[in-house]
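Asker: turn this into a structure:
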Amino acid sequence: MLNGAIRNRLLRTLSETDLVLVQPLLRKIDLPRGKILDQPGQNIENIYFIENGLCSVVVVGSNGQKTEAGHIGNDGMTGSGLAAEVAWSTNQTIIQISGHGWEMSSVDFLTCLAECPSLRTAALRFGQALHIQVSHTVLATARYNIHQRLARWLLMCHDRVEGDDLDLTHEFLAMMLTVRRSGVTNELHVLEGMHLIRSTRGNVLVLDRAGLIEVASGSYGIPEREYGRLFPSLGSEGSTISSTTTMPTSADR
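Answerer: Modelled structure (predicted):
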């Protein structure tokens, strides 16, 4: 595996010396929709570096109610808490858009953390990036309306997959927004009427990214800029946006 062939952004930040140590311990794995990577309260058995596809961080209440708190795509990894010596997961992580990635056992990961300073830095910084993302999800839920929050979530998904097609079910979108499925359908129709997306069963096509950013109305942008600050070595690849007024449209991507 050559560094140039790696699509996971965290792995791309590793030094050449550390990558040589990490590479033999990575196993290529398919990540189909619905695959559960971690469960709340259970020890983290494996770490996943996603190459494409989308993983959801889902908060599960004591009564079984669920809501999505964050996304992990090729920008990050699961199990970053291991770098802070936390051996268990507090949330469920589940694949929502199929893809593939690299799997590493938690035992091998802990060994690498001790020997690979750039891996430890990447894991700790991604944990911070995910914390910022989740914090802004709380803000969006409390202060923004449903179609603004939907625009934000679609942008976040768009950031983490290739192309403009998002294979998202209405059921998943309802969990993302903590609303009824019928409410999701109504809000998708609103965005369709604005010619920002095209929605079909199990799929959302992004037509106008800049328009979605405008609709998101400030709920999107700060976590994306902070990711770029945390991973400056990625350059423009590491910062999803630099200005909410200069984002390219779908046709420019």
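Asker: tell me where the stretch 1-150 of the chain has helices.
Answerer: All helices of the stretch 1-150 of the chain, identified by DSSP state H, counting those that start in this stretch, fall at 9-12, 16-22, 106-115, 117-143, 146-160.
Asker: give me the sheet partners of the next helix or strand after the last one and which way each runs.
Answerer: In other words, helix 146-160. Using DSSP states H and E, the helix or strand that follows helix 146-160 in sequence is strand 165-166. Strands that pair with strand 165-166, judged by DSSP bridges, come out as strand 203-206 (antiparallel).
Asker: out of the helices of the stretch 1-150 of the chain, flag the one nearest Ile94.
Answerer: Smallest distance to Ile94 across those (Cβ to Cβ): 14.3 Å, for helix 146-160. (Glycine included, C-beta is placed from N, CA and C.)
Asker: tilt between that closest one and helix 117-143?
Answerer: Orientation check (axes from the mean of the first three to the mean of the last three Cα atoms, to 10 degrees): helix 146-160 against helix 117-143 gives 160 degrees.
Asker: run the chain-centre distance for helix 146-160.
Answerer: Here helix 146-160 is found 11 Å from its chain centre; the criterion is Cα atoms, centre = their mean, to the nearest Å.
Asker: what's the mean pLDDT across that helix?
Answerer: In this model, helix 146-160 has an average pLDDT of 94.
Asker: so which elements touch it?
Answerer: For helix 146-160, the packing partners by 3 or more Cβ pairs under 8 Å, 6 or more residues apart in numbering; DSSP states H and E come out as strand 66-72, helix 117-143, strand 165-166, helix 170-177, helix 181-193, strand 203-206, helix 209-216.
Asker: that older thread, now the helices of the stretch 1-150 of the chain as JSON lines including mean neighbour count and distance to Ala216?
Answerer: JSON lines is the format used below for the helices of the stretch 1-150 of the chain (neighbours: other Cβ atoms under 10 Å; distance: least, Cβ to Cβ, whole Å):
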{"stretch": "helix 9-12", "mean neighbour count": "22", "distance to Ala216": "22"}
{"stretch": "helix 16-22", "mean neighbour count": "16", "distance to Ala216": "36"}
{"stretch": "helix 106-115", "mean neighbour count": "15", "distance to Ala216": "35"}
{"stretch": "helix 117-143", "mean neighbour count": "18", "distance to Ala216": "9"}
{"stretch": "helix 146-160", "mean neighbour count": "22", "distance to Ala216": "4"}
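Asker: using a markdown table, lay out the ones you listed together with distance to Arg180.
Answerer: Output for those, formatted as a markdown table (distance: least, Cβ to Cβ, whole Å):
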| stretch | distance to Arg180 |
| --- | --- |
| helix 9-12 | 35 |
| helix 16-22 | 44 |
| helix 106-115 | 38 |
| helix 117-143 | 15 |
| helix 146-160 | 10 |
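Asker: indicate which one of those is closest to Asn52.
Answerer: Across the helices of the stretch 1-150 of the chain, Asn52 has its closest neighbour in helix 146-160 (8.6 Å, Cβ to Cβ).
Asker: kind regards, and thank you for your time.
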